[in-house]
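*Asks:* next one to model:
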Amino acid sequence: MSETQETKHPVLREKGRLMSASEIERTLVRLAHQMVEKTNGCDGLALVGIKRRGIPLAERLAALISGIVKRPIQTGVLDIRFYRDDLSTHDVRPVVSAGDLGLDVNDRHVILCDDVLYTGRTIRAALDALFAHGRPRCVQLAVLIDRGHRELPIEATYVGKHVPTSSREIIEVKFREVDNDEQVLLVEKVD
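*Replies:* Below is the predicted model of the structure:
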């Protein structure tokens with residue numbers, strides 16, 4: 001394997017399982033109840049999943065909330081690819097256009113959903129992308145795992161689990177909708 005291939009795909013060693021499928025489900029039920037409580041009955045609520053694993057998270061939470069409040073909760077999909085601050089600056093910058101979110105965010109209470117909160121840069125890009133679609137009344141953040149190491153002043157309102165990690169460790173969230181598997185793993189980069 002060439003050196004450039006190794007840097008793109010590091011060798012990873014599994015250190016342990018942080019959550020099983022049943023633990024993920026229980027955590028989502030708890031988060032859904034917290035959302036209902038903190039949003040005063042969910043009037044005007046919409047959950048927006050950040051591509052990729054934020055989408056099933058948003059859809060599952062919306063289904064759970066719908067079961068609690070007995071009415072549908074809208075979900076949307078947010079693609080942040082062209083809003084990231086780590087795009088190459090050597091080539092011509094891509095033209096940024098807002099993709100179809102699937103719902104109107106104007107004057108809505110929006111909860112952004114993502115699987116892991118790490119540096120905060122993904123969420124910063126998601127906020128830029130979200131505001132390209134309109135002006136929500138309120139934006140909150142829900143994550144399954146908060147692993148720390150923030151580089152920006154971003155915190156989640158709803159956190160499934162706090163998992164302190166080292167910079168060599170990676171949290172792998174696997175959802176059946178994306179990965180045909182259901183668990184959260186802690187893995188480590190091997191030299």
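*Asks:* residue 72 and residue 66 touch, don't they?
*Replies:* Yes: using CB atoms under 8 Å, residue 72 is in contact with residue 66, at 5.4 Å. From N, CA and C alone the C-beta is placed, and that goes for glycine too.
*Asks:* neighbour-wise, which of these two wins?
*Replies:* residue 66 (15 against 10; other CB atoms under 10 Å).
*Asks:* list the contacts for the residue nearest the centre of the chain?
*Replies:* Nearest to the geometric centre of the chain sits residue 114, at 0.6 Å (CA atoms, centre = their mean). Residues in contact with residue 114, defined by CB atoms under 8 Å, 6 or more residues apart in numbering, are 49-50, 53-54, 57, 122-123, 126, 141-144.
*Asks:* same deal with residue 108?
*Replies:* Contacts for residue 108 (CB under 8 Å, 6+ apart) come out as 44-46, 136-137.
*Asks:* and these as CSV, adding neighbour count?
*Replies:* CSV is the format used below for the contacts of residue 108 (neighbours: other CB atoms under 10 Å):
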residue, neighbour count
44, 15
45, 22
46, 21
136, 22
137, 11
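*Asks:* and of these, the nearest to residue 83?
*Replies:* Nearest to residue 83, judged by CB to CB, of those is residue 136 at 15.9 Å.
*Asks:* show me where pLDDT drops low in the protein?
*Replies:* By pLDDT under 70, the low-scoring segments of the chain are 1-8, 84-99.
*Asks:* mind listing the strands for it?
*Replies:* 12-19, 45-50, 74-78, 109-117, 138-146, 158-162, 169-174, 183-189 (DSSP state E).
*Asks:* is it true that residue 165 touches residue 146?
*Replies:* No: using CB under 8 Å, residue 165 is not in contact with residue 146, being 10.0 Å away.
*Asks:* compare neighbour counts for these two and give me the winner.
*Replies:* Per other CB under 10 Å, whichever of residue 165 and residue 146 has more neighbours is residue 146, with 21 against 17.
*Asks:* how near is the more buried one to residue 61?
*Replies:* Distance, residue 146 to residue 61, by CB to CB, to the nearest Å: 16 Å.
*Asks:* the longest helix in this structure is where?
*Replies:* helix 21-38 (DSSP state H).
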